[in-house]
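Enquirer: Sharing a sequence plus its predicted fold:
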Amino acid sequence: MGRANNLALESIESAVERYLRELAAGHGASPHTLRAYRSDLRELTQFLGKHEIAEASAVSPRVLRAYLMELDERALARSSVQRKLSAVRSFFQALVEQGLIPAHPATGLRQGRGSRSLPGHLSTEEVGQLLQAPDASTAAGRRDRAILEVMYSAGTRAAETVGMNHADVDASRGIVLLRGKGRKQRLAPLGKYALGSLRDYLGDPQRPRPTLRAGDALFLGLKGTRLTTRSLQRIVAAALLRAGVRRQATPHTLRHCFATHLLDAGADLRTVQELLGHAHLATTQIYTHVSIENLRRIYERAHPRAS
């Protein structure tokens, strides 16, 4: 009881830091997730500080509804608000499970219904231009082409891409082992173009030698260190510019393209769910809306009495 009482009286800031340490140690959260949760929970503590709320036990559903209203007033993207609410719910759920607060103050908290933005994607022609954009006469270009081909071929997240090791690639079977969110692993197929680009990259005598710090990293920077997700953003941006594609795209856009193009070509939703590594089918279902929009455009162009 003594420890519980002491913890119940700890400051919000202290409780958040303890929660993040436990999240990193016991749940295998990725560095990206930890950074996002730290940022989101810091915003919560700042809000509570403005309202002179210093202890977790003093946070009520009414207080959190006021916090949600403040988020809505900032006109944030729906996905950003949902992520912040997820961090808040997880934090207070941990306190409930530890017996530090009697009830979850975020129970029933919902974001107002707004327009749900569909994931952006490029056409198959635009993706083809993007993949061909890197200069294959240079070592950096051969690496960049391999990265882009692998991301589109396997639908990888940025963190999964930079986290790949040599040992993860089985070229004879045409598969790669990916480490997703929460240390979950999955096998993803690699197409012949991705495998060909990988062979060109790995057989390149001009490829940088890895540093000890890089370990078994598959994709290396010019100094022989493991690439970062920020590096991938620059690679995609440079390829877009070189390809003359006038739409904005990020590394995650290639993942959206992967899912959308599969569905457009007739792949079933369950298969796409497995390939993307989504835990829930509902997460994958947003791509059906993208595909349905594409089907409607084709229908309206082709059917004599569509419009």
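Expert: That came in fine, so what should we check first?

Enquirer: Any buried residues in stretch 236-251, and which?
Expert: Neighbour-count burial for stretch 236-251, with 16 or more other C-beta atoms under 10 Å as criterion, is recorded at Val236, Ala239, Leu240, Arg242, Ala243, Val245, Ala249, Thr250, Pro251. To be clear about C-beta, it is placed using only N, CA and C from the backbone, and glycine gets the same treatment.

Enquirer: Now do the helix or strand containing the first one: which elements does it pack against?
Expert: In this structure, Val236 sits in helix 229-243 according to DSSP states H and E. Other helices and strands packing on helix 229-243, by 3 or more C-beta pairs under 8 Å, 6 or more residues apart in numbering; DSSP states H and E, are helix 124-132, helix 139-154, helix 158-162, helix 251-264.

Enquirer: Just the angle for the second one relative to helix 251-264, thanks.
Expert: Looking back up the chat, that one is helix 139-154. Computed with axes from the mean of the first three to the mean of the last three C-alpha atoms, to 10 degrees, the direction of helix 139-154 lies at 40 degrees from that of helix 251-264.

Enquirer: other SSEs contacting helix 139-154?
Expert: helix 124-132, helix 158-162, strand 175-179, strand 185-189, helix 192-202, helix 229-243, helix 251-264.

Enquirer: Which of the helices and strands packed on helix 229-243 sits closest to Arg89?
Expert: helix 158-162 (22.7 Å; C-beta to C-beta).

Enquirer: Nearest to Gly191 among the helices and strands packed on helix 229-243 would be which one?
Expert: Gly191 sits nearest to helix 139-154 of all the helices and strands packed on helix 229-243, at 4.5 Å, using C-beta to C-beta.

Enquirer: could you give the angle of that closest one to helix 192-202?
Expert: Relative orientation of helix 139-154 versus helix 192-202 (the same axes, to 10 degrees): 150 degrees.

Enquirer: what mean pLDDT does helix 139-154 have?
Expert: Averaging pLDDT along helix 139-154 yields 97.

Enquirer: repeat for stretch 248-259
Expert: Mean per-residue pLDDT for stretch 248-259: 91.

Enquirer: contacting residues around that stretch?
Expert: Contact with stretch 248-259 is made by 119-122, 127, 130, 148, 151-158, 161, 229, 232-233, 235-236, 240, 272, 275-276, 284, 287, 290, as judged by C-beta atoms under 8 Å, 6 or more residues apart in numbering.

Enquirer: how about a cut-off of 7 Å?
Expert: 119-122, 127, 148, 151-152, 155-158, 232-233, 236, 240, 272, 276, 287 (C-beta atoms under 7 Å, 6 or more residues apart in numbering).

Enquirer: Only C-alpha atoms, please: export that stretch in CSV.
Expert: C-alpha atoms of stretch 248-259 as CSV (Å, rounded to 0.1, in the frame of the first residue of the first chain):
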residue,chain,number,x,y,z
GLN,A,248,4.2,14.9,-53.3
ALA,A,249,5.2,11.5,-51.9
THR,A,250,7.0,10.0,-49.0
PRO,A,251,8.5,6.6,-48.2
HIS,A,252,5.1,5.6,-46.8
THR,A,253,3.5,6.6,-50.1
LEU,A,254,5.1,3.6,-51.7
ARG,A,255,3.5,1.4,-49.1
HIS,A,256,0.1,2.9,-50.0
CYS,A,257,0.8,2.3,-53.7
PHE,A,258,1.7,-1.3,-53.0
ALA,A,259,-1.7,-1.9,-51.2
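
Enquirer: Skip the chain neighbours and tell me the closest residue to the residue most central in space within the chain.
Expert: In the chain, the residue lying closest to the centroid (C-alpha atoms, centre = their mean) is Arg157, at 5.7 Å. Distances taken as C-beta to C-beta, 6 or more residues apart in numbering place Arg255 nearest to Arg157, at 6.3 Å, with adjacent residues excluded.

Enquirer: And Arg145, by the same measure?
Expert: Spatial nearest neighbour of Arg145, chain neighbours left out: Pro134 (4.3 Å); criterion: C-beta to C-beta, 6+ apart.
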